[in-house]
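Peer 1: Sequence first, predicted coordinates after that:
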Amino acid sequence: MSDVLVEGLNASYRQNKVLHDVSFKVQPGTLTAIIGPNGAGKSTLLKVMLGLHPKLSGTVSFYGSAFSKVKSRIGYVPQRGSVDWDFPTDALDVVMMGLYGKVGWLKWPKASHRQQALHALDQMGMADYAHRQISQLSGGQQQRVFLARALVQDSDLYFLDEPLAGVDAATEKAIMTTLQLLKEQGKTVMVVHHDLHTVEEYFDHVLLLNRTIVAHGSTREAFTQEQVYRAYGGSLRWIGGT
């Protein structure tokens with residue numbers, strides 16, 4: 001069974017149709033880059049799949065079920081620009097939010113939950129910043145904290161919306177190392193990605209999107225000059241290896 005199955009998905013944004021007849025399936029243990037030009041519907045695709053944006057038609061299932069039935073198995077890291085970083089909380093509290101599904105909204109977290117959150121921060125190299133206000137962190141540090149929040153959920157399937165946008169080289173390396181480790185553990189990861197130069201190095205699968213699916217499959221098969229030109233309208237100088 002596929003981890004993700006999308007069939008005939010259509011969606012609009014501000015009266016403009018941004019997704020048209022999108023269909024694909026994602027196999028377990030894959031690390032997929034979702035790429036395409038600006039306005040292609042990449043972020044909207046994630047939001048529609050996770051019930052954060054309405055769809056016009058089509059179906060989305062995870063492990064053969066609706067999102068509402070398996071949401072505890074799914075982690076999501078939104079674009080950093082969509083988060084209110086002035087909210088008065090520290091890094092540890094942000095990560096602890098990822099445990100509310102296990103702790104319960106009206107219950108106090110246990111010491112073991114706190115240790116899980118600290119371990120997730122440590123995995124992202126942020127243990128020393130546990131009590132730092134998130135507004136005082138750099139963009140790269142904020143992104144690491146949000147990935148730590150997703151990690152502490154111990155999900156089976158992860159969606160990340162441009163986690164590498166605007167981060168420093170050290171943070172990019174830390175994030176990709178973590179995502180590769182999740183894949184090695186049998187987790188499934190889908191990442192909205194903007195840098196075509198690193199697709200072949202970072203990802204084993206590619207979903208090329210421009211309002212509809214242009215190509216989807218292994219990076220070797222789907223990330224070709226012809227397919228990228230189709231997705232981007234031939235406006236790019238080819239940078240791939242095939």
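Peer 2: Done, it's in.
Peer 1: I'd say Ile74 and Leu160 touch.
Peer 2: No - assessed by CB atoms under 8 Å, Ile74 is found out of contact with Leu160, at 11.7 Å. The way it works is simple: take the backbone N, C-alpha and C, and place the C-beta from them, glycine included.
Peer 1: which one of the two has more residues nearby?
Peer 2: Leu160 (24 against 21; other CB atoms under 10 Å).
Peer 1: For the residue nearest to the spatial centre of the chain, give me its contacts.
Peer 2: With distances taken as CA atoms, centre = their mean, the residue of the chain nearest its centroid is Leu160 (1.2 Å). Residues near Leu160 by CB atoms under 8 Å, 6 or more residues apart in numbering: 76-77, 147, 150, 179, 189-192.
Peer 1: could you pull out the strands for this structure?
Peer 2: Under the criterion DSSP state E, strands of the chain are mapped to 4-13, 16-26, 31-35, 57-62, 74-77, 157-161, 188-192, 205-210, 212-218.
Peer 1: one step back: quick one: the residue nearest to the centre of the chain from Asn10, how far?
Peer 2: 24 Å (CB to CB, to the nearest Å).
Peer 1: Show the low-confidence segments of the protein, by residue range.
Peer 2: For the chain, the stretches flagged by pLDDT under 70 are 1, 82-83, 85, 100-110, 234-242.
Peer 1: longest single helix anywhere in it?
Peer 2: helix 169-184 (DSSP state H).
Peer 1: ok, and what's touching that one?
Peer 2: Helix 169-184 is contacted from outside by 29-31, 123-125, 140-141, 143-144, 147, 151, 158, 160, 163-164, 167, 189, 191, 202, 204, using CB under 8 Å, 6+ apart.
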